[in-house]
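Enquirer: Fold the following, please.
(one chain, ligands or ions: 2)
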Amino acid sequence: MSEPIPGPVAVLTGAGISAESGVPTFRGEGGLWRNFRPEQLATPEAFRRDPALVWEWYDWRRGLIDSCAPNAAHETLAEMEAALPDLTLITQNVDGLHQAAGSHNVLELHGNIWRTRCTGCGRVSEDRQVLLPEIPPRCPECGALLRPDVVWFGESLPLEVLDAAWAAAACCRLMLVVGTSAVVQPAASLPLVALRNGARLVEVNPAETPLSAQAHEILRGPAAEVLPEWWRKREP
Ligand code: BV8
Ligand code: ZN
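Expert: Ligands and ions are numbered 1, 2, ... in the order given. Below is the predicted model:
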């Protein structure tokens with residue numbers, strides 16, 4: 001019989017949780033597009049230099065993500081949110097698969113690929129069109145270029161989202177870290193905040209990461225397999 005889950009719970013997810021849904025991770029194989037690394041395209045400089053190229057990459061990713069369904073790991077986190085009194089889901093992913101799986105309280109540290117933001121008037125809107133009719137898209141209100149409403153390298157994260165994530169890490173009793181290489185800051189500091197507050201750290205990842213040595217428990221396998229198993233043994 002495994003121990004009951006102490007609350008509150010915080011969960012940090014990265015690209016790895018969507019791998020089994022068919023969404024390529026950032027640093028694994030398959031993360032390449034026309035031989036560009038994400039770090040070369042997910043920047044304000046790349047967008048300034050060639051907005052059409054950056055939008056072609058996002059349009060390609062949107063098309064890919066649109067054909068992907070949440071997997072058992074996303075579904076388990078949605079079940080955990082419903083079953084536990086206090087769970088905060090913090091994601092680095094922009095694919096929206098947690099919400100598609102039924103999670104409601106999702107902190108999107110890096111934005112969402114299905115939203116656009118106007119570089120002129122700041123208008124934010126949800127745009128689910130797969131294969132955009134015009135690249136780069138323009139604002140229907142003011143005609144300025146639209147950009148994906150995501151956080152690029154070198155850009156600061158939405159403060160209210162980051163504050164909420166920091167607070168959840170600082171007061172959780174348990175943090176699950178699922179499918180992240182734990183290299184991108186400031187997201188990668190959240191597990192350290194949890195450890196400093198005395199939380200139990202559980203890493204879910206088929207590979208070793210810089211966090212592994214500090215994890216109290218490691219589920220060394222694909223999230224869609226090992227996370228549902230872990231939850232079955234603990235669900236109330
Ligand atoms: C900022 C949105 C400052 C866009 C993304 C040097 C040192 C420290 C920091 C820096 C530095 N140089 C620059 C920085 C800052 C930089 C940074 O951290 N760079 C890294 C590369 C070193 N950070 C930033 O720029 C951030 N902003 O610092 O602002 C600032 C302050 C004030 C004022 C102005 C500015 C912004 C970072 C956000 C960038 N945007 N995405 C988009 O998606 O298009 S980041 C991108 O990386 C994704 O969000 C992704 O989620 C995230 C992290 O990657 P992972 O999720 O971990 O994915 P990865 O592929 O790396 O790993 C996958 C993992 O899954 C692996 O471990 C694998 O083993 C595992 N896995 C595989 N299969 C499975 C699995 N796990 C479970 N199950 C499986 N089946
Ligand atoms: Zn506008």
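
Enquirer: What confidence value was assigned to residue 137?
Expert: For residue 137, the pLDDT comes out at 97.

Enquirer: doesn't residue 58 make contact with it?
Expert: No. Using Cβ atoms under 8 Å, residue 137 is not in contact with residue 58, being 9.9 Å away. Every C-beta, even on glycine, is put in place using the N, C-alpha and C of the backbone.

Enquirer: Looking only at neighbour counts, state which of those two leads.
Expert: residue 58 (23 against 20; other Cβ atoms under 10 Å).

Enquirer: doesn't that one fall inside a strand?
Expert: No. Assignment of residue 58 by DSSP: H, G, I helix; E, B strand; the rest coil gives helix, placing it outside any strand.

Enquirer: Show me what the helix or strand of the chain with the lowest mean pLDDT is in contact with.
Expert: Least confident element among the helices and strands of the chain, by mean pLDDT, DSSP states H and E: helix 38-41 (a mean of 92). Here helix 38-41 makes contact (Cβ atoms under 8 Å, 6 or more residues apart in numbering) with 26, 31, 33, 46, 53-54, 57, 153.

Enquirer: what's the top strand by length along the chain packed up against?
Expert: Determined from DSSP state E, the single longest strand within the chain is strand 111-118. Where contact means 3 or more Cβ pairs under 8 Å, 6 or more residues apart in numbering; DSSP states H and E, strand 111-118 is packed against helix 51-66, strand 124-126, strand 146-150.

Enquirer: Test my guess that residue 224 contacts residue 71.
Expert: Yes. The pair residue 224 / residue 71 is scored as a contact, 4.2 Å apart, by Cβ under 8 Å.

Enquirer: Please say which of the two ends up with more neighbours.
Expert: For residue 224 versus residue 71, neighbours defined as other Cβ under 10 Å are more numerous around residue 71 (23 against 20).

Enquirer: OK, contacts around the more buried one?
Expert: For residue 71, the contact set (Cβ under 8 Å, 6+ apart) comprises 17-18, 20-21, 97, 223-224.

Enquirer: Of those residues - the most surrounded one?
Expert: residue 17 (34 neighbours).

Enquirer: Break this structure down into its structural domains.
Expert: 9-23+70-110+157-232, 29-67+117-150 (automatic domain parsing).

Enquirer: right, and those - which one's nearest ligand 1?
Expert: domain 9-23+70-110+157-232 (2.1 Å; Cβ to the nearest ligand atom).
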